[in-house]
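Colleague: Here's my sequence, what's the structure:
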Amino acid sequence: MASYSILITSAPSTSDSAYQATEFCRELIQTNHTVDQIFFYQDGVYHANCLMTSPSDERNSYQAWTKLAEDFAVPLIVCATAAIRRGILSKQEAASLDESSYNLKAPFTDTGLGEFFTLLHQSDNLVQF
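Modeller: Numbering: from 1, shown residues only. Okay, here's the model as predicted:
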């Protein structure tokens, strides 16, 4: 079986790619492949905003990613630099900026591109959404 790294670069509001990506990951795992990481980069970091809401007739990408991580223990990794530039702050980043509020919470974690590339070298495939 093959291992995959998934790269999310599109914003949740621009397409239905989050739904397609989560379904793709579920299908991989259910057919005995592995998902080594899901890395959110560029506008893809908006998926990690825990304060993001959707109208009742639309899918909520934050909830979809959270459910995927809960169901299959898939690491959801956010590029820290891209997130900070877009106002997505972890508790640690908020504290370093003397802010009390933050909107990046578990199961999402933030790190640098180095982590992405390290895990990428362990994967057989990279798929971008």
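
Colleague: contacts, neighbours, all on C-alpha from now
Modeller: Fine.

Colleague: Need the contact partners of the lowest-mean-pLDDT helix or strand in the chain.
Modeller: Counting by mean pLDDT, DSSP states H and E, the weakest-scoring helix or strand in the chain turns out to be helix 91-96, with a mean of 90. Contacting residues not belonging to helix 91-96 are listed as 100-105 [CA atoms under 8 Å, 6 or more residues apart in numbering].

Colleague: where along the chain do the strands fall?
Modeller: Assigned by DSSP state E, the chain shows strands spanning 3-8, 34-40, 76-79, 108-111, 125-128.

Colleague: Now do the third one: which elements does it pack against?
Modeller: Here strand 76-79 touches strand 34-40, strand 108-111, going by 3 or more CA pairs under 8 Å, 6 or more residues apart in numbering; DSSP states H and E.

Colleague: got a list of what Asp124 touches?
Modeller: 2-5.

Colleague: try 6 Å this time
Modeller: Listed by CA atoms under 6 Å, 6 or more residues apart in numbering, the contact partners of Asp124 are 3-4.

Colleague: how much space between Tyr102 and Leu76?
Modeller: 17 Å (CA to CA, to the nearest Å).

Colleague: Over to Pro12?
Modeller: Pro12 is 15 Å from Leu76, where distance means CA to CA.

Colleague: likewise Leu28?
Modeller: 16 Å.

Colleague: So for those two, which sits in the more crowded spot?
Modeller: Taking other CA atoms under 10 Å, Leu28 and Leu76 do not tie; Leu76 has more neighbours (21 against 17).

Colleague: Many thanks, have a good one.
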